[in-house]
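# How does the following fold in three dimensions:
(2 chains)
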Amino acid sequence: MSTAAETEDLWRQLAPQVLGAVVRRYGDFETAEDAVQEALLAATTQWPADGVPDDPKSWLIRVASRRWIDQRRKDSARSRRELTVASLDSASDQVAPPSGAETAADDTLTLLLLCCHPALTQPTQVALTLRAVGGLSTAQIARAFFVPEATMAQRISRAKQRIKDAGAQFEPPPADERVERMRAVLHVLYLIFNEGYTATAGSDLHDVELTREAIRLTRMARAVRPDDGEVAGLLALMLLTDARRPARTTADGRLVPLAEQDRSRWDHASIDEGVGLITETLPRSPLGPYQLQAAIAAVHDEAATADETDWPQIVALYDLLERFGPNPIVTLNRAVAVAMVDGPAAGLEILDGIGADQRMAKHHRLHAVRAHLLDMAGDTDAARASYVRAAQLTTSLPEQHYLEGKATAVGP
Amino acid sequence: MKYLMLIYSNPETWGHPIFLRTAEGLAMSDAERVAMTEELDTLLTEIRESGELISVAALADPANATTVRVRNSVRLTTDGPYVEAKEQLAGLFVVDCATPERAEEIAGRFPDARFFAVEMRPIMGSSGEEM
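Reported below is the predicted structural model:
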């Protein structure tokens, strides 16, 4: 007897394969995606009651196909087009041939690439990916992002409309776009992960753990792109970061900085998997930003105490990361690492360069890092002022709470 | 990123859309008034359909406002808004945008921004990164 969670895992795992099969058979991604959602909903109610069917994938494809046809019939009636109905009737009797493992893998990748189409904004890419590839319901996604269900429904239907308007088909993108499109997929998976990871409150209100979902989808991407070092790098980064989640907040939702986390609470199985993955990937693949971030996370995770952190190696890794393009947040992190190796003055010098950027000058993280380095340098008044400024600029309640605490605690 | 957009105005008589009730709005030709109303409708349709609009409220005349204060555990109510000013809060929108630039673009497209102002206030969230 399978548990409810196992049953849900099963149909969610099958969701992209089922959608792939329905789209390939009938075309029309928009209607197919709705039909698969309805089939998943039917599974939600029927499987726990009647048991999981012998061939759950065929069952879902069959139900989704029927829904697709019902929907098109309604559309046809509305637009007084009857020509397709006859041919649809015969289609409804067919059971989709079970697609081979290779087709299923290709479908999942094609689907990920389609959901992260460049015609969509990032929030809509995220929403559509969670629904079409993750098999989550609109209500679940809406709850996870703290927006009303109607808003999320609108976002998803707009996303599908845009894909249609852009003329995108359910097929792999042209070869010359593939690298760029794959990068967008990884970024969306990273955003999903980060949304879950940074949540400090309300996660018990969710029925979906977004970090777990992001890791699951990234594993799926890795299964179809086993030779892509950046996919492996992203998966390693997620595992190595998520491993610290049990220690990153207190029971009442306060943030605990890395240096003060109780490392015995880290998930060491997850660290081992992440370290193994990045160690295996780095020598084999062309270097990329996710692999480097994973390598940095691995250095942190492998230190038994904060004092034992191999900061020179972290500086070297940040130097490499910066070569992939200027990113002020990367530079901020590098400044901290440099300060740990060469002293706070060296770190502060790097910050002066970043502060010239208008947008960064108003970014709370710049002030938080400056405060930390000033505190290291023993300049407590300036450190306090920077913590206060950082607390003022953040739009996050737990960050503000943490920064105000630091402002109070700093020096005499 | 979620923002509260506050629409400020100073109409001759209260009503919505409020920008048509301002001295500037009243001075416009009928064609201009229609065009400006359509601009607002287009904006609202756009942000509703994109899933950016979370909620919206048009406020009643500040003459209906009641300000409540509690002093020494005694509740005191006075008629009228808390802030006495010529420009009053006329309506509010909660939007969820991909970027701050997009939020600014939306704010700038409310016709009210041309006559008075639209104030954008980020809404605090419960997500946080460890420093």
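# Share the number of residues neighbouring the residue in chain B positioned nearest to chain A, please.
Proximity of chain B to chain A (CB to the nearest CB) peaks at B:Gly51, 2.9 Å away. For glycine as for every other residue, the C-beta is placed from the backbone atoms N, C-alpha and C. Neighbour count for B:Gly51, taken as other CB atoms under 10 Å in any protein chain shown: 25.
# try A:Gln37
For A:Gln37, using other CB under 10 Å, the count is 21.
# neighbouring contacts of the helix or strand hosting it?
For A:Gln37, the host element (DSSP states H and E) is helix A:29-50. With contacts defined as CB atoms under 8 Å, 6 or more residues apart in numbering or on different chains, helix A:29-50 is touched by A:4, A:7-8, A:11-12, A:15, A:18-19, A:22-23, A:26, A:53, A:56, A:59-61, A:63-65, A:67-68, A:71-72, A:75, A:114, A:131-132, A:135, A:137-138, A:160-161, A:163-164, A:169-170.
# Now with 7 Å, please.
If you take CB atoms under 7 Å, 6 or more residues apart in numbering or on different chains as the criterion, helix A:29-50 is touched by A:4, A:7, A:11, A:15, A:18-19, A:22-23, A:26, A:60, A:63-64, A:67-68, A:71-72, A:114, A:131-132, A:135, A:160, A:163-164, A:170.
# again, but for stretch A:283-295
Contacting residues not belonging to stretch A:283-295 are listed as A:186, A:229-230, A:233-234, A:236-237, A:240, A:274, A:278, A:281-282, A:317, A:320-321, A:324 [CB under 7 Å, 6+ apart].
# and chain B, which of these contact it?
Counting by CB under 7 Å from any CB of the partner chain, nothing from the contacts of stretch A:283-295 sits close to chain B.
# Close to chain A: what parts of chain B are there?
Contact residues, chain B versus chain A (CB under 7 Å from any CB): B:48-51, B:54, B:96, B:98, B:122, B:124-131.
# can you do 8 Å?
Residues of chain B that fall close to chain A, judged by CB under 8 Å from any CB of the partner chain: B:1, B:48-55, B:96, B:98, B:122-131.
# what about the strands in chain B?
For chain B, the strands defined by DSSP state E occupy B:2-9, B:53-58, B:66-71, B:74-79, B:88-96, B:117-122.
# what's the closest of these to A:Phe145?
A:Phe145 lies closest, by CB to CB, to one member of these: strand B:88-96, at 8.1 Å.
# Need the CA coordinates for the closest one. PDB is fine.
Below are the C-alpha coordinates for strand B:88-96, written out as PDB (Å, rounded to 0.1, in the frame of the first residue of the first chain):
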ATOM      1  CA  GLN B  88      -5.200  63.000  -0.700                       C
ATOM      2  CA  LEU B  89      -4.800  59.300  -1.100                       C
ATOM      3  CA  ALA B  90      -7.400  58.400  -3.800                       C
ATOM      4  CA  GLY B  91      -6.700  54.700  -4.500                       C
ATOM      5  CA  LEU B  92      -4.200  51.900  -4.100                       C
ATOM      6  CA  PHE B  93      -2.900  49.000  -6.100                       C
ATOM      7  CA  VAL B  94      -0.800  46.000  -5.000                       C
ATOM      8  CA  VAL B  95       1.400  44.700  -7.800                       C
ATOM      9  CA  ASP B  96       3.900  41.900  -8.000                       C
END
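# Now it: average pLDDT?
Summarised as a single mean, pLDDT over strand B:88-96 is 97.
# now the angle from that strand to strand B:53-58?
Using axes from the mean of the first three to the mean of the last three CA atoms, to 10 degrees, the direction of strand B:88-96 lies 170 degrees away from that of strand B:53-58.
# partners of strand B:88-96 in the sheet?
strand B:2-9 (antiparallel), strand B:53-58 (antiparallel) (DSSP bridges).
# looking at those, which is buried most?
strand B:2-9 (a mean of 21; mean count of other CB atoms under 10 Å in any protein chain shown).
# so how far is that one from its chain's centroid?
Distance, stretch centre to chain centre, for strand B:2-9: 4 Å (CA atoms, centre = their mean, to the nearest Å).
# what residues does the stretch 151-300 of chain A put near chain B?
Residues of the stretch 151-300 of chain A lying close to chain B by CB under 8 Å from any CB are A:151-156, A:158, A:195, A:198-202, A:248, A:253, A:255-258.
# quick check: mean pLDDT across the biggest helix by length in chain B?
In chain B, with assignment by DSSP state H, the single longest helix is helix B:30-49. For helix B:30-49, mean pLDDT rounds to 96.
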